[in-house]
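*Asks:* Quick check, what structure comes out for this input:
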Amino acid sequence: MLLTDQRESIMMDTLTALRTGMVAAMALMLPTPSQAEDNAAAQANNPLANMKAFNVQNYYIGELTDIDEDANQLVFRYAQPFSIGESAWLMRASLPINTFPTGMRGAHQTGSGDADIFAAYLIDTGNPAVSFGVGPQLVAPTASDDALGNEQWQAGLANVYFNATSAKYQYGYLLIYRGGIGDTNDRDRVSLTAFQPFFFYQLQDGWYTGTAPIWNYDFNSDNYSVPVGARLGKVVKANKTVFNFFMEPQVSVADRGPGQPEWQLFFAVNMQFM
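*Replies:* Okay, here's the model as predicted:
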C-alpha cells in the first residue's frame, strides 16, 4: 500500500511538472504585448498587409518646376483582401483630390482627379514576413476638370515587394507601369512608370524613421522626377486598429520638364483594421 501511494505521488508530481513545463513553453511561443506592438509597427507600412486598410495621404507641393506655383494632392485610399478560389488577392483603390495651377498666375483649380484601382495576386513566398504581389491596374478618367486628369482610360501592371523579416527594419518597393487606352480626347497618350522604393527603421515606443519617395518617368516626353525624403512616423495600436501617422519632407535631386515638384511635404494617417 505504501509503495502504491509513493508511485501515485511520483506520477502526480511528474504530471504537474509536465503541465507546468507545457504552460511555460506555450507562454514563450505566444507574443508578448511588446512583441505584438513590434509586429504591428513592422507591418504598418506594408502595402500588401492582409487586412482592410484606409489611408488619408496628402502631398503639399511647395514649388513646381518652370511654373513657380504650388499645388496639392489629397489621396483617399482603401485596401481590401479577397480570394479567387484558393488564391489570395489584395485590391487597392485610390481617389485623389487635386489642386493644380491653371496657368493664370495665382489661380488654382480644385476637384477630383483620375481614380485608380489595382488587384495584386499575393504569391506565397514561404515566409509570412515577406510579401510579393503582382497584378493589373486600371485608371478611370474621373477628373472633374480637364486640368486635373489625363482624360483617358489607362491600364497597366503593378508589382509590390515588402520584407519585414526584421522587426527593426523593413524594406521593399512598388513598381507601376500604365498606358492610355482607347480615346485620348486629343491629349498625349499616357505612357508612364512609377517606382517607389521604401525603407523603414523602427525606433522605440512605435516611433520610426525611413523614406518612401515616388520616382516617375514619362516615356512620351522623357520627363522625370526623382525626389528623396526623410520620414518621422508614429504607430499606435488601439483595440483592433493600427494607426500610422507620419510626415516626410521631400526634395527633388533630379527632374526634367515642367510641373515636377521641386519640394513637397508628404504627410498621412494610415489605418489598418485587424
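*Asks:* what does the helix or strand hosting residue 216 contact?
*Replies:* Assigned by DSSP states H and E, residue 216 belongs to strand 215-218. With Cβ atoms under 8 Å, 6 or more residues apart in numbering as the contact definition, strand 215-218 has outside contacts at 191-197, 223-227, 257. Heads up, the C-betas are built off the backbone N, CA and C, glycines and all.
*Asks:* I figured residue 152 was touching residue 192, is that so?
*Replies:* No: at 11.7 Å, residue 152 does not count as touching residue 192 under the criterion of Cβ atoms under 8 Å.
*Asks:* now the helices for this structure?
*Replies:* 2-29, 33-43 (DSSP state H).
*Asks:* Mind telling me which of the ones you listed the model trusts least?
*Replies:* Between these, the lowest average pLDDT goes to helix 2-29, which shows a mean of 43.
*Asks:* Report the contact partners of the closest residue to residue 248 other than its chain neighbours.
*Replies:* Excluding its sequence neighbours, the residue lying closest to residue 248 (Cβ to Cβ, 6 or more residues apart in numbering) is residue 231, at 3.8 Å. Going by Cβ under 8 Å, 6+ apart, residue 231 touches 200, 208, 209, 210, 211, 212, 246, 247, 248, 266.
*Asks:* And the residues you listed, which of them are buried?
*Replies:* Buried subset of those (neighbour count, 16 or more other Cβ atoms under 10 Å): 200, 208, 209, 210, 211, 212, 246, 248, 266.
*Asks:* Quick check: closest non-adjacent residue to residue 243.
*Replies:* residue 236 (4.6 Å).
*Asks:* now do residue 49
*Replies:* residue 43 (5.1 Å).
*Asks:* mind checking how far the one you found is from residue 189?
*Replies:* Distance, residue 43 to residue 189, using Cβ to Cβ, to the nearest Å: 38 Å.
*Asks:* Check residue 131 too.
*Replies:* Per Cβ to Cβ, residue 131 is found 33 Å from residue 189.
*Asks:* more neighbours, these two?
*Replies:* residue 131 (23 against 14; other Cβ atoms under 10 Å).
*Asks:* ok, that one touching residue 120?
*Replies:* No: between residue 131 and residue 120 there is no contact under Cβ under 8 Å: 9.1 Å.
*Asks:* overlap in contacts of those two?
*Replies:* 48, 160.
*Asks:* what about the nearest residue to residue 72 once chain neighbours are set aside, neighbour count?
*Replies:* Excluding the flanking residues, the one nearest residue 72 by Cβ to Cβ, 6+ apart is residue 99, at 4.2 Å. Using other Cβ under 10 Å, residue 99 has 17 neighbouring residues.
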